[in-house]
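A.B. asks: Need coordinates for the following:
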Amino acid sequence: MTIVMGDVAIRQVEPRDLDSCCTLEAACFPPAEAADPQSVQVRLQTYAEGFLVAETRGAKRVVVGMVNSGATHKTDITDEAFKKLVGHDPDGSNLVVFSLAVLPQFQGRGIAGQLMRAYAERGAAMRKQRILLLCKDRLVPMYEHLGYRDAGLSASDHGGACWHEMVLDLAVHKGMA
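C.D. replies: As a prediction, this is how the structure comes out:
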């Protein structure tokens, strides 16, 4: 599956993307919040179907964005071990986003929204019920614009930050599309 949106193509991650995805993680998150390269590799190898990348089109293709996840039947997404896919169930009804990242020099171009819309389409095609994620206060409006509901403050203190739990009901989202 490759979705072309303007000057960016969104596709499922491939093993050759590992270094680019690690670079994205380090560039977009503070060290206390960023996934280490081993965690990114585990996500890529274990659940590639829940991992999309955005790359520039043209002669020199560059991975400029990514979204990755795990799947579970649980709705409590505060378990830190789950970020390393401990307890991941590929048949789980919920997708849990771990990282949405776009290189700083490519931010503000709508790439994050494109990734999340493609990700929601993929989740619906996989017959998942909802997408769950944690985000900081400043990102709540972006996710609400994409159809997510703010479920309130999370008990998670990942990286020492304050997080909001966001939920996208895929059945409702699909009906809106």
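A.B. asks: contacts, neighbours, all on C-alpha from now
C.D. replies: OK.
A.B. asks: Would you quantify the distance from Tyr143 to His164?
C.D. replies: 11 Å (CA to CA, to the nearest Å).
A.B. asks: quick one: secondary structure of Lys74?
C.D. replies: Here Lys74 takes the coil state, with states given by DSSP: H, G, I helix; E, B strand; the rest coil.
A.B. asks: Disregarding residues adjacent in the polypeptide, which is nearest to it?
C.D. replies: Of all residues not flanking Lys74 in the chain, Asn94 sits nearest, at 7.2 Å (CA to CA, 6 or more residues apart in numbering).
A.B. asks: Spit out the contact partners of that neighbour.
C.D. replies: By CA atoms under 8 Å, 6 or more residues apart in numbering, the contact list for Asn94 reads Ala71, Thr72, His73, Lys74, Thr75, Lys128, Gln129, Arg130, Ile131, Leu132.
A.B. asks: Give me the pLDDT value at it.
C.D. replies: Listed pLDDT for Asn94 reads 94.
A.B. asks: Name whatever forms a beta bridge with it.
C.D. replies: Per DSSP bridges, the residues bridged to Asn94 are Thr72, Arg130.
A.B. asks: If the residue nearest to the spatial centre of the chain is in a bridge, with which residues?
C.D. replies: The centre of the chain sits closest to Val67, judged by CA atoms, centre = their mean, with a distance of 3.0 Å. Legend: beta-bridge partners of Val67 under DSSP bridges are Leu52, Leu100.
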